[in-house]
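Visitor: Here you go, sequence then predicted model.
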Amino acid sequence: MDVTEILDGLNEMQREAVSAPDTAMLVLAGAGSGKTRVLVHRISWLVTVENVSPHSILAVTFTNKASKEMRQRVEAMHSRSMSGIWVGTFHGIAHRLLRSHWKQAGLPQTFQILDSDDQLRLIKKVVQSLELDETQWQPKQIRGFINACKDEGERPQHIADNGDMVRRQLVRIYSAYEAACLRAGVIDFAEMLLRSLELLRDNDDLLQHYQQRFRHVLVDEFQDTNSIQYAWVRLLVGKKNNIFVVGDDDQAIYGWRGARVENLQKFRKDFPASRIIKLEQNYRSTATILSAANAVIGNNGDRLGKKLWTAGSDGEPITYYQAYNEYDEARYVIEKIKQWVDDGEQRDEVAILYRSNAQSRVFEQSLNAEQIPYRIYGGLRFFDRAEIKDCIAYLRLMNNVLDDTAFERIVNVPARGIGGRTIDIIREQAKLQGITMWDAALKLIEAKVLTARAGNALQNFIDLISEMQAATSEIELHEMVDHVVHKSGLIEHFRKDKSEKAEQRIENMEELVGAAKSFTMPEDEAEEMEKITAFLTYAVLESGEGQAEEWEDCVQMMTMHSAKGLEFKQVFICGVEEGLFPHQRSVEDAARLEEERRLCYVGITRAREQLTISNAEHRQLYGRDTYPRPSRFISEIPAELIADIRLHTKVSEPTMSNSFLSQDDSSEFSIGQRVIHAKFGEGMVINYEGTGAHARVEVNFEFEGTKWLVISYANLTSL
């Protein structure tokens, strides 16, 4: 039989994987090694060479996009529909099983699926029905608990509280939530997988039917499977069927949402006769970039082990830029992007990657200033994020209680017992009397129209805003913002939610404090409005600057988690510092630190041609001044692969010729000279380093202490 079309264009290890005899197979597919191609060609091999019926094949992916692409590519190879193959995500296939066997699954035929918001609303109703305080038993935290239990295959009756009163109450809520779902004939996303697992496990005839049908099971991104997904696959495959999984333990970066990289090791134990094939030839990056990635990930233990290589060129060295601060870092990155575009390259082939969402703010500000279009992949601009809008709404209402939009946004954020009906009554009263919602609320409280609970909650909100107004009337802008994010209850609200997303929200709010700290009023507005008014105006204008459209040629910005699966000609990995990357919460935890290192590996392997790594000696992040050390990940890259472009020149004492010029060679300064800064006041130059665009001075200010400033944008004036 002619198998040329199937095997042509594949390298040796890809061919071996595609044409392997029927057995349990683990394909370790490194970044950029063509894993999707191997899966598609494996399916084609089974159908064409092994004469396997398409009806006997089940292929599981993690995204609908991947499922669609896989089906299209398989059908393109065969020039016909392959509808008999089941190709889909775990949730999609579980849903298909439940629709087909709703009665055995204990569901009504017309059962509906709750999305994340629907699930949250139902949990709120359950909490209310149990007469629990929503401020203490927060629906988002409860949703996380319920979904995590389901991901581990645990029903309420399976969970021991171990004498923990909080856990006991959570289990009680979980039980009541399950009863509410049953009454309403609805299921959530986590329930789809658990219910389909129970459907197969508890109905032997049905299990045998699907085990006999799906003789060949293929699973993509196996390192991202959680406990319930692994159990589901294991059950469906049984002891006789063939399983073909593709994964990369070095790209397992979703442990925080339940993925278990150890499933790859577990697979080898559960399928002792399994064969391992390693795809190590990379078709994406230069040899230099791959060598750096190999060196970094080699510091992780308990790997299945592989080493990426390429038949391509060595490429350029990795650029390492040590910035003075986060603004210097952004300036350098943007200068390189402008040069990239001047050389005729596309902006959409450039990606700025960062560990924390909060880092995007300074880059957004700098890109806007240079009028460079950009898009935040998989996320929102800084001032468009919900938690930032909430903080800004508090500041707006404190600044102007006539602001109905701000009032309505935050009157029950975080939840304080002011429900939708109460807000409707306030809105109607305001409209009827032609007054603001603030004044309407005061009148309703005075007239005792509302229930005692709603009236008290509303009075507490009014008091909160008034108290924050009084407490912040005489303090600096950044202190005011810091006061608001803490006293409003927003920080505490998200701290109760232990998820990664909640941590990011907290970091973003703390970064808003940093934005306020670095905010400087334009000179022409300094006498026209208060600083808080100017800052709020700035926030509105920034959020109104919409992102570039997907089809536009624009710079791509994203977290490293969002970058997985993507690739770009030029990549900047920014903020590579201890405490930021690796993240502070990971440095004392060996398992988390290894996941951070895998995340670094993922970031490095996004680059095809050019990679730049940067950090800062001084960074103001989350509203705090820090002087971080370079990340350990940088020292793990062999020195011969890196071009360090930072000039380390310092002058510690005056010399006979102690004057130097700013970037534009027009303003001369010297050590010992007195200068004035718009924000920090008067001071004396005591040191300097660097030249040209890198030149900066150390100034000892009378009231602000010693600070390093980049001359090119410090706007220092000689006295």
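Guide: Right, received. Where do you want to start? Numbers count the residues shown, from 1 in each chain.

Visitor: Okay, strands next: where are they in the stretch 1-150 of the chain?
Guide: All strands of the stretch 1-150 of the chain, identified by DSSP state E, counting those that start in this stretch, fall at 25-29, 57-61, 86-89, 112-113.

Visitor: what's the closest of these to L536?
Guide: strand 112-113 (40.4 Å; Cβ to Cβ). In short, each C-beta sits where N, CA and C put it, glycine included.

Visitor: From S635, how far out is I604?
Guide: 14 Å (Cβ to Cβ, to the nearest Å).

Visitor: So for these two, which sits in the more crowded spot?
Guide: More crowded of I604 and S635, by other Cβ atoms under 10 Å: I604, with 28 against 10.

Visitor: got the contact list for the residue nearest to the more buried one when sequence neighbours are not counted?
Guide: Among residues not flanking I604 along the chain, A293 sits closest, at 4.4 Å (Cβ to Cβ, 6 or more residues apart in numbering). Residues counted as contacts of A293 (Cβ atoms under 8 Å, 6 or more residues apart in numbering) are A31, S285, L308, Y601, I604, T605.

Visitor: Equivalent analysis for I686, please.
Guide: Contacts of I686 by Cβ under 8 Å, 6+ apart are I671, G672, E698, V699, N700, T706.

Visitor: isn't there a strand covering it?
Guide: Yes: assessed by DSSP: H, G, I helix; E, B strand; the rest coil, I686 belongs to a strand.

Visitor: separation between it and E617?
Guide: Using Cβ to Cβ, I686 is found at 17 Å from E617.

Visitor: just for this protein, where's the confidence low?
Guide: 1-2, 522-529, 541, 543-547, 646-668, 671, 689-694, 713 (pLDDT under 70).

Visitor: sorry, back to before: taking the contacts of I686 one by one, which sit in strands?
Guide: Secondary structure from DSSP state E places E698, V699, N700, T706 of the contacts of I686 in strands.

Visitor: ranges for the helices of the stretch 451-600 of the chain?
Guide: 452-471, 477-487, 490-495, 500-518, 531-543, 560-563, 590-604 (DSSP state H, counting those that start in this stretch).

Visitor: actually the stretch 151-300 of the chain, sorry about that
Guide: Using DSSP H, counting those that start in this stretch, helices in the stretch 151-300 of the chain cover 165-184, 189-202, 204-213, 227-237, 263-270, 287-297.

Visitor: ok, and which of these has the densest surroundings?
Guide: For the helices of the stretch 151-300 of the chain, average neighbour numbers computed from mean count of other Cβ atoms under 10 Å are highest in helix 287-297, which has a mean of 24.

Visitor: and the angle from that helix to helix 590-604?
Guide: Orientation check (axes from the mean of the first three to the mean of the last three Cα atoms, to 10 degrees): helix 287-297 against helix 590-604 gives 170 degrees.

Visitor: ok now helix 287-297, how far from the chain's centre?
Guide: 24 Å (Cα atoms, centre = their mean, to the nearest Å).

Visitor: Over to stretch 91-106?
Guide: Distance, centroid of stretch 91-106 to centroid of chain: 31 Å (Cα atoms, centre = their mean).

Visitor: Can you show me the CA trace of that stretch as CSV?
Guide: C-alpha atoms of stretch 91-106 as CSV (Å, rounded to 0.1, in the frame of the first residue of the first chain):
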residue,chain,number,x,y,z
HIS,A,91,-16.7,18.9,27.9
GLY,A,92,-18.1,18.6,24.4
ILE,A,93,-17.8,14.8,24.3
ALA,A,94,-19.2,14.5,27.9
HIS,A,95,-22.1,16.6,26.8
ARG,A,96,-22.8,14.4,23.8
LEU,A,97,-22.8,11.3,26.0
LEU,A,98,-25.2,12.9,28.5
ARG,A,99,-27.6,14.0,25.7
SER,A,100,-27.6,10.5,24.3
HIS,A,101,-28.2,8.8,27.7
TRP,A,102,-30.0,11.4,29.7
LYS,A,103,-32.2,8.9,31.5
GLN,A,104,-29.3,6.7,32.7
ALA,A,105,-27.5,9.8,33.8
GLY,A,106,-30.5,10.8,35.9
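
Visitor: I'd guess Q610 is in a helix, am I close?
Guide: No: Q610 sits outside any helix when classified using three-state DSSP, being strand.

Visitor: quick one: it and M558, what's the gap?
Guide: Separation of Q610 from M558 (Cβ to Cβ): 17 Å.

Visitor: what residues are up against the closest residue to Q433 other than its chain neighbours?
Guide: Spatially, and ignoring its direct neighbours in sequence, Q433 is nearest to A440 (6.8 Å; Cβ to Cβ, 6+ apart). By Cβ under 8 Å, 6+ apart, the residues touching A440 are I426, R427, Q429, A430, Q433.

Visitor: Over to H95?
Guide: Applying Cβ under 8 Å, 6+ apart, the residues near H95 are I113, M192, S196.

Visitor: thinking again about what came up before, which two of the contacts of A293 have the greatest separation?
Guide: Pairwise distances across the contacts of A293 peak at 11.7 Å for S285 and Y601 (criterion: Cβ to Cβ).

Visitor: Tell me the buried residues in stretch 127-137?
Guide: Going by neighbour count (16 or more other Cβ atoms under 10 Å), the buried part of stretch 127-137 is V127, L132, E134, W137.

Visitor: could those be laid out in TSV, adding distance to G298?
Guide: Shown next, in TSV, are these (distance: Cβ to Cβ, whole Å):
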residue	distance to G298
V127	49
L132	50
E134	49
W137	46
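
Visitor: quick check, nearest of those residues to V485?
Guide: V485 lies nearest to E134 out of the buried residues of stretch 127-137, by Cβ to Cβ, at 20.9 Å.

Visitor: shouldn't the closest one be in contact with K124?
Guide: Yes: between E134 and K124 a contact is recorded at 6.8 Å, counting by Cβ atoms under 8 Å.

Visitor: Mutual contacts of S285 and Y601, please.
Guide: In contact with both S285 and Y601: A31, A293, using Cβ under 8 Å, 6+ apart.

Visitor: export stretch 542-560 as CSV, just CAs?
Guide: This file holds the C-alpha atoms of stretch 542-560, laid out as CSV (Å, rounded to 0.1, in the frame of the first residue of the first chain):
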residue,chain,number,x,y,z
GLU,A,542,-7.0,55.7,28.9
SER,A,543,-10.0,53.3,29.0
GLY,A,544,-11.6,55.0,26.1
GLU,A,545,-8.5,54.4,23.9
GLY,A,546,-9.9,51.1,22.5
GLN,A,547,-7.6,48.3,21.5
ALA,A,548,-6.6,47.7,18.0
GLU,A,549,-8.8,45.2,16.1
GLU,A,550,-7.7,41.6,15.7
TRP,A,551,-7.1,42.1,12.0
GLU,A,552,-4.9,45.2,12.5
ASP,A,553,-1.1,45.1,12.3
CYS,A,554,-0.5,45.7,16.0
VAL,A,555,1.9,44.7,18.8
GLN,A,556,0.6,41.7,20.8
MET,A,557,0.7,41.9,24.6
MET,A,558,-0.1,39.0,27.0
THR,A,559,0.7,37.1,30.1
MET,A,560,3.0,34.1,29.5
